[in-house]
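K.L.:
Any chance you can model this:
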Amino acid sequence: MQQMEKSNFVDQIKIFCRSGHGGAGSKHFMRNKLTAKGGPDGGDGGRGAHIILKGNTQLWTLLHLRYYKNVLAEDGENGSKNNSSGKTGKDIIIEVPLGTIARNEETGEIEAEILEDGQEIILVKGGRGGLGNSNFKTATNQTPEYAQPGEPGSEGIKVLELKVLADVGLVGFPNAGKSTLLSSITAAKPKIADYAFTTLVPQLGMVEYRDGKSFCIADLPGIIEGAAEGKGLGHRFLRHIERNSILLFLIPADSKDHKEEFAILHNELEQYNPEMLQKDFVIAISKSDMLDDELKAAIEKELPKKIPHVFISSVTGQGLSELKDLLWSTLNNPDKV
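P.N.:
Next up, the predicted model:
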């Protein structure tokens, strides 16, 4: 039996998080050999530890958090005599790749989004420390017999999701030649085979352009009709497209109906999230080394007029530099708002 290929790409994990409870304030009165009945000197409790998300450009996946199931932060210490405040709990920092969002599992609400290196967001706040009795003395009540308890920390299950941050996303049916294109214009080595759904996880590659410039391109698993409802690899991978500024539609030259294929892909994106249609589109006709000029002209008639297109062949290298030029100029288009 063929073993399933183990993937190092993890784009969704669940973590149970509990922040630290605040320490209690102290109820204490000053007593020493010189002071028989001193005033209140109870210190405040320390804050409970936060759980913090921090962006790190060196990470590309959530793999390092795969076995991170329960994150329990430490409590703040209680206050003590001599107005000594309790120690603050040590915050837990979870490093995540850029493009990570954190949701509350129960409500589905997005609670944090990390987009920059070094950006820190408190995911779960620690409880505040309670005030000691020295805070409550007044002219009329000089011996307060009470202090505040610490606030409890919060807890809940958080879902961390990664949406790949790439400049260009490759969109197409399974077997359209996306991985072959990625391997021929970048140094990435995706698995390539002649069957549908060879690519099961997004693959990223850097395209080197002229004068040392480069941009990032993501090979996403194939989209089939009904993906927005969850068919094929469905929803799970449509979300990776949300962050790409250009969508490169790859349609093979031997497709039965190029117009129809583009319409299906376009429709899936629209059903998933209508905002996707605001992005820049580019169409590449792959496997076009088998076309002559007459066939190219026939295919051009089927394609939408307003969207730029280019004929490419990843095998012979035909049209690849044209494609890079087109993607670079679209990415750096000054007319873009």
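
K.L.:
just checking, Ser26 is part of a strand?
P.N.:
No - counting by DSSP: H, G, I helix; E, B strand; the rest coil, Ser26 is not part of a strand but coil.

K.L.:
show me what contacts it?
P.N.:
Gly42, Gly43, Asp44, Gly45, Asn78, Gly79, Ser80, Lys81, Ser84, Gly132, Asn133, Ala147 (C-beta atoms under 8 Å, 6 or more residues apart in numbering). C-beta: built from backbone N, CA, C; applies to glycine.

K.L.:
per-residue pLDDT, the residue nearest to the spatial centre of the chain?
P.N.:
Central residue check for the chain by C-alpha atoms, centre = their mean: the C-alpha nearest the mean position is that of Thr100, 2.2 Å away. If you check Thr100, the pLDDT there is 88.

K.L.:
For it, give me phi and psi.
P.N.:
phi -90, psi 140 (degrees, to the nearest 10).

K.L.:
gap between it and Leu65?
P.N.:
Here Thr100 is placed at a distance of 10 Å from Leu65 (C-beta to C-beta, to the nearest Å).

K.L.:
Select the helix or strand of the protein having the lowest average pLDDT value.
P.N.:
helix 234-241 (a mean of 62; mean pLDDT, DSSP states H and E).

K.L.:
so where is the stretch 151-300 of the chain shaky, pLDDT-wise?
P.N.:
164-165, 187-202, 212, 222-241, 243 (pLDDT under 70).

K.L.:
sorry, back to before: list residues touching both of Thr100 and Leu65?
P.N.:
Leu160.

K.L.:
Could you double-check that the residue nearest to the centre of the chain sits in contact with Leu123?
P.N.:
No - applying C-beta atoms under 8 Å, one finds Thr100 not in contact with Leu123, separated by 10.7 Å.

K.L.:
quick one: common contacting residues for these two?
P.N.:
Leu53.

K.L.:
Quick check: the gap between the residue nearest to the centre of the chain and Asp11.
P.N.:
For Thr100 relative to Asp11 (C-beta to C-beta), the value is 9 Å.

K.L.:
Are there residues contacting both of those two? Which ones?
P.N.:
Leu62, Glu161, Leu162.

K.L.:
Go through the residues you listed and say which is closest to Ile299.
P.N.:
Leu162 (36.2 Å; C-beta to C-beta).

K.L.:
Would you mind naming the residues that pair with the closest one in a beta bridge?
P.N.:
Thr100 (DSSP bridges).

K.L.:
End to end on stretch 77-86, go ahead and measure it.
P.N.:
5 Å (C-alpha to C-alpha, to the nearest Å).

K.L.:
buried residues in that stretch?
P.N.:
Within stretch 77-86, the residues that qualify as buried are Glu77, Asn78, Gly79, Ser80, Lys81, Asn83, Ser84, Ser85, Gly86, counting by 16 or more other C-beta atoms under 10 Å.

K.L.:
With secondary structure and pLDDT added, can I get these in CSV?
P.N.:
Output for the buried residues of stretch 77-86, formatted as CSV (DSSP: H, G, I helix; E, B strand; the rest coil; pLDDT from 0 to 100):
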residue, secondary structure, pLDDT
Glu77, coil, 91
Asn78, coil, 90
Gly79, coil, 88
Ser80, strand, 86
Lys81, coil, 84
Asn83, coil, 85
Ser84, strand, 86
Ser85, coil, 86
Gly86, coil, 88
